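K.L.:
Quick one: sequence plus predicted model below, questions after.
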Amino acid sequence: IYMAYQLKQEVHLVRSTDSGKSYTYLGALGNGLFPHVDGNSAGTIAIAWEHFKGNMKDNSIKTVGLSLSLDGWKTNQGPHAIPGSDTEFGTMLGGVSLSSQDIDVFWIRTNGDLRELMHRRAFLN
């Protein structure tokens with residue numbers, strides 16, 4: 001079981017190997033809120049969230065946070081595993097879904113009062 005949580009506007013990750021009886025702290029993933037975790041049977045783990053530094057009510061400073069591991073969290077990339085996501089501001093509510101072959105990342109792009117659902121898919125090797 002992998003579980004991400006927010007604490008003081010920072011996203012953290014823990015893992016349980018005994019059906020949730022105990023957890024091992026795996027570390028802080030980055031600034032932000034609202035983490036979403038998914039994994040697959042091949043050991044791929046992905047966590048997406050609202051990444052930002054500063055005022056959490058200012059959507060214009062938010063980016064898509066994504067940490068990704070292909071090896072059961074022995075190594076990982078993030079908090080911006082999506083190339084260029086650290087410079088695409090005005091995004092919020094990142095989410096992720098994994099299958100055995102691909103990763104789908106979703107977020108809301110903001111532009112004034114306009115909200116648009118965005119999506120990016122990548123194939124896993």
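P.N.:
Yes, it's here.
K.L.:
only C-alpha atoms for contact and neighbour calcs from this point on.
P.N.:
OK.
K.L.:
my read: residue 95 touches residue 108, true?
P.N.:
No - contact criterion CA atoms under 8 Å: residue 95 and residue 108 do not qualify, at 9.5 Å.
K.L.:
out of the two, which sits in the more crowded spot?
P.N.:
The neighbour comparison of residue 95 against residue 108 (other CA atoms under 10 Å) goes to residue 95, with 24 against 20.
K.L.:
where's the residue sitting nearest the centre point of the chain, which helix or strand?
P.N.:
The residue lying closest to the centre of the chain (CA atoms, centre = their mean) is residue 48, at 1.5 Å. Applying DSSP states H and E as the criterion places residue 48 in strand 45-51.
K.L.:
separation between the residue nearest to the centre of the chain and residue 113?
P.N.:
23 Å (CA to CA, to the nearest Å).
K.L.:
If we ignore the residues flanking it in sequence, what's nearest residue 88?
P.N.:
Spatially, and ignoring its direct neighbours in sequence, residue 88 is nearest to residue 63 (6.0 Å; CA to CA, 6 or more residues apart in numbering).
K.L.:
For that neighbour, give me its contacts.
P.N.:
Contacts here follow CA atoms under 8 Å, 6 or more residues apart in numbering; on that basis residue 63 touches 50-52, 85-92.
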